[in-house]
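> Sequence and predicted structure, then a few things I'm wondering about:
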Amino acid sequence: MALKADLKHFLDEEGKVLALTEQAETVFKFLSEIVMSVSKHIKQPLIEIDLVAVDLKCNTRAEQLTCDGNIEARCISTRVIEWHCDTCEAVGTISNWQGSMWDKQQHTIH
Ligand SMILES: [Zn+2]
C-alpha cells in the first residue's frame, strides 16, 4: 500500500509547519528529508531524473518499524516525488512540495 502524502497538509497558509502530533512529526521529518535530497538533484528542464539515495533508513518514518533498509527516491513528474525502500515493500509519493522551504531546486533567474 503506497503512502500518498501531500506536503500541504502539514503546513499553514504561510508555508510554516503546523503543530503536529508526535507521529505526524516523525512522518513529516521523513518526507521533508526526501524532498530536500531529491529537489537538490533536479535539473531543469526535467528530462530524466536518476534515483537519488536519500540518507534515511526505512525505520525513521514511524515508530516501531524494524526495517533498516535505505530509502531511494526520484521525481516521477514535475509535481510528484516517489520514494521506496530498497529492502521492504514500503513505497510512497509526495506532492505539493514545490515552493516549500524544503524545495532545494536551483531556480534560474530570468
Ligand atoms: Zn523498508
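Structure's in. What do you need?
> Report whether Thr26 is found in a strand, as I expect.
No - judged by DSSP: H, G, I helix; E, B strand; the rest coil, Thr26 forms no part of a strand; its state is helix.
> any weak-confidence spans in the protein?
Across the chain, the ranges flagged by pLDDT under 70 are 1, 44-49, 107-110.
> Pull up the gap between Gln64 and the ion, please.
13 Å (CB to the ion, to the nearest Å). Heads up, the C-betas are built off the backbone N, CA and C, glycines and all.
> Let's verify that residue: helix, strand, or coil?
Gln64 ends up coil, using three-state DSSP.
> Next to the ion, which bits of this structure? Give me the list.
Within the chain, the positions lying close to the ion (CB under 5 Å from the ion) are Cys58, Cys67, Gly69, Cys85, Thr87, Cys88, Ala90.
> ok, now with 8 Å
Residues of the chain lying close to the ion (CB under 8 Å from the ion) are 58-59, 65, 67-69, 71, 85-90.
> At which residues are the helices of this structure located?
22-40 (DSSP state H).
> so where do the strands sit in it?
Along the chain, counting by DSSP state E, strands occupy 3-6, 52-57, 70-75, 80-85, 91-95.
> picking up where we left off before, rebuild the residues of the chain next to the ion as TSV, extending it with neighbour count.
Formatted as TSV, the residues of the chain next to the ion follow (neighbours: other CB atoms under 10 Å):
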residue	neighbour count
Cys58	21
Asn59	17
Leu65	16
Cys67	15
Asp68	12
Gly69	17
Ile71	24
Cys85	21
Asp86	13
Thr87	13
Cys88	14
Glu89	10
Ala90	20
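> Nearest to Thr21 among those?
Leu65 (17.1 Å; CB to CB).
> Isn't that closest one up against Asn59?
Yes - at 4.0 Å, Leu65 counts as touching Asn59 under the criterion of CB atoms under 8 Å.
> outside of stretch 23-31, which residues touch it?
Contacting residues not belonging to stretch 23-31 are listed as Ala5, Leu7, Phe10, Val17, Leu20, Leu56, Thr60, Arg61, Ala62, Glu63, Ile94 [CB atoms under 8 Å, 6 or more residues apart in numbering].
> Much appreciated, bye for now.
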